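K.L.:
requesting a structural model of the entry that follows:
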Amino acid sequence: MPKKAINQSLADADAAPGGAAAVDRALSVLGAFTPEQPARTLTEIAEHTLLYKSTALRLLSSLEHGRLIQKGEDGRYVLGPEVARLYSAYSASFSLESVVLPAMKRLVAKTRESASFHVRQGNQRLCLYRVDSPQPIRDHIRAGDLLPLDRGVGGRVLLAFEGEPGDLYDQIRKNKLISSVGDRSEGVAGISSPVFDATGKLVGALTLTMPATRFQKEHEAVLRSTAIEMTEGLGGPAHVYD
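P.N.:
Residues are numbered from 1 along each chain as shown. So this is what the prediction gives:
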């Protein structure tokens, strides 16, 4: 008779209602692999998942059989080629626009301010998507406009996550957020946060802009939450915002 665990495993503590325990546990094993920890020993996997080594080993055998996990020559486990195939199919199932635009519209509905999504284009930043505030007084940026990289919160975020040195950019990398008044244009305030893809790579900067007189500190949390929603929608990890 198998020995009963003293502590619940991660999978057992957050089991899918009506689901299969073995599948929950196998998924928790896959969840042990991150961009920061792409290779794991059996001991590390057992410690991360709170599973017995014997249980983790059986799950790894099944995952190896399905090519979701593979064992390297050094004895450590890494994700297998089937993961790449699934990600390719996942990526093909949607476009960036289908994730970003609906989230931007919800952000504007909540804040009643204008939202933009910027990507780098050479030495400038491109406003790839834009949803205007319903209020008559707003900044008039349009999708397709090119703006400076070194002025405005959206540009600051793009530079920060491309390794720009300096205290300001260190702070942006730490907080995953910047808010400023008058950085790009006098009388205009902005809040911006990065959006990442499944590999942890920067996709773009989500930005909320408004007249300086309408700036609300509370909008920072709403903007950041929307950036996390986009990152998760693109298959990225929410933990990068911690």
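
K.L.:
please, where are all the helices along the protein?
P.N.:
Applying DSSP state H to the chain gives helices spanning 10-13, 21-30, 42-49, 53-65, 81-92, 96-111, 153-160, 167-175, 219-233.

K.L.:
of those helices, which approaches Cys127 most closely?
P.N.:
helix 153-160 (8.1 Å; CB to CB). All C-beta spots, glycine's among them, are computed from the backbone N, C-alpha and C.

K.L.:
convert the C-alpha atoms of the closest one to PDB, please.
P.N.:
Listed next in PDB are the C-alpha coordinates belonging to helix 153-160 (Å, rounded to 0.1, in the frame of the first residue of the first chain):
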ATOM      1  CA  VAL A 153       6.400  56.200 -21.000                       C
ATOM      2  CA  GLY A 154       5.900  53.700 -23.800                       C
ATOM      3  CA  GLY A 155       9.300  54.400 -25.200                       C
ATOM      4  CA  ARG A 156      10.900  54.200 -21.800                       C
ATOM      5  CA  VAL A 157       9.400  50.700 -21.300                       C
ATOM      6  CA  LEU A 158      10.700  49.500 -24.700                       C
ATOM      7  CA  LEU A 159      14.200  50.800 -23.900                       C
ATOM      8  CA  ALA A 160      14.200  49.400 -20.400                       C
END
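
K.L.:
before we move on, back to that, of all the helices of the chain, which one is nearest Leu146?
P.N.:
Closest to Leu146 of those, according to CB to CB: helix 153-160, at 10.8 Å.

K.L.:
ok so, going back, need the helices of the chain in CSV with mean neighbour count, can you?
P.N.:
Converted to CSV, the helices of the chain look like this (neighbours: other CB atoms under 10 Å):
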stretch, mean neighbour count
helix 10-13, 17
helix 21-30, 18
helix 42-49, 17
helix 53-65, 16
helix 81-92, 12
helix 96-111, 17
helix 153-160, 26
helix 167-175, 14
helix 219-233, 20
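
K.L.:
surely Gly75 and Thr41 touch.
P.N.:
Yes. The pair Gly75 / Thr41 is scored as a contact, 6.8 Å apart, by CB atoms under 8 Å.

K.L.:
now for the helices of the chain, which one comes closest to Gln135?
P.N.:
helix 96-111 (10.2 Å).

K.L.:
mind giving me the packing neighbours of that closest one?
P.N.:
Judged by 3 or more CB pairs under 8 Å, 6 or more residues apart in numbering; DSSP states H and E, helix 96-111 is in contact with strand 114-121, strand 124-131, strand 202-211, helix 219-233.

K.L.:
which one, of the ones you listed, ends up nearest to Lys71?
P.N.:
helix 219-233 (29.6 Å).

K.L.:
which residues touch that closest one?
P.N.:
If you take CB atoms under 8 Å, 6 or more residues apart in numbering as the criterion, helix 219-233 is touched by 99-100, 103-104, 106-107, 110-111, 113, 176-177, 179, 191-197, 203, 206, 208, 210, 237-238, 240-241.

K.L.:
check those for burial and list the buried ones.
P.N.:
For those, a burial check counting by 16 or more other CB atoms under 10 Å picks out 99-100, 103-104, 107, 111, 113, 176-177, 179, 191-197, 203, 206, 208, 210, 237, 241.

K.L.:
picking up where we left off before, nearest to Val119, of the helices of the chain?
P.N.:
Taking those one by one with CB to CB, helix 153-160 is closest: 7.5 Å.

K.L.:
what helices or strands is that closest one leaning on?
P.N.:
By 3+ CB pairs under 8 Å, 6+ apart, helix 153-160 packs against strand 114-121, strand 124-131, strand 146-148, helix 167-175, strand 178-181, strand 188-196, strand 202-211.
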